[in-house]
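Asker: Below is the structure, and that's it, no one-letter string:
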């Protein structure tokens, strides 16, 4: 009986001592708390991301990138793909009609567009290919454009066009070169009947 009394007394003393220890260790420094509230922003990083885009219930594009950074400082207004980006554009949910790749991309949410740079290449299933150093991809209009140098290789007619500035739709079926350069060429079949 005495042993049980002392045992309960020891447990009570240890509990009170531990409570005092925890109460003193939970003290906050007011300057540290203020510093936490001053830290606005940060970056969310995603690795090996795959983003699927759709419209009218159909998949329109699949975007893949090894790294995606979403900047929280702007309330997620900017998303960056610093180590390459690849996009497959779909005619319907099953058939790829064109592909895009770039070394770097930045999505600007306010304007609903991507800025792409560094070996930007777009090609379609017909074999038409477009190369440029940088361009914009307007998601609302499904068009690409730039005022920088561009090279376009087309299959019909067989041509290679060097230019300054262009506008094209995602499947490259309608490409407008703003300032074609003199070193461009096209091979046009002879239509004269014998």
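Answerer: Perfect, I can see it now. Nothing here was measured: the structure is a model prediction, and the numbers come from that model.

Asker: which stretch of helix or strand covers residue 137?
Answerer: For residue 137, the host element (DSSP states H and E) is strand 129-138.

Asker: How many residues are close by residue 108?
Answerer: The number of residues packed near residue 108 is 14, by other Cβ atoms under 10 Å. Yep, even glycine has a C-beta here, placed from its N, CA and C like the rest.

Asker: what's across from it in the sheet?
Answerer: residue 78, residue 113 (DSSP bridges).

Asker: That one and residue 116 touch, don't they?
Answerer: No - the pair residue 108 and residue 116 does not pass the contact test of Cβ atoms under 8 Å, sitting 11.6 Å apart.

Asker: wait, residue 171 sits on residue 123?
Answerer: No - using Cβ under 8 Å, residue 171 makes no contact with residue 123, being 10.3 Å away.

Asker: Which stretches in the chain count as helices?
Answerer: Along the chain, the segments classed as helices by DSSP state H run 2-25, 30-38.

Asker: For stretch 50-64, list every residue counted as buried.
Answerer: Neighbour counts over stretch 50-64 (16 or more other Cβ atoms under 10 Å) mark 51, 60, 61, 62, 63, 64 as buried.

Asker: contacting residues around the residue most central in space within the chain?
Answerer: Centroid check for the chain by Cα atoms, centre = their mean gives residue 81 as the closest residue, at 4.7 Å. With contact set as Cβ atoms under 8 Å, 6 or more residues apart in numbering, residue 81 has these partners: 65, 67, 68, 69, 104, 105, 106, 107.

Asker: and it, what pLDDT?
Answerer: pLDDT, residue 81: 94.
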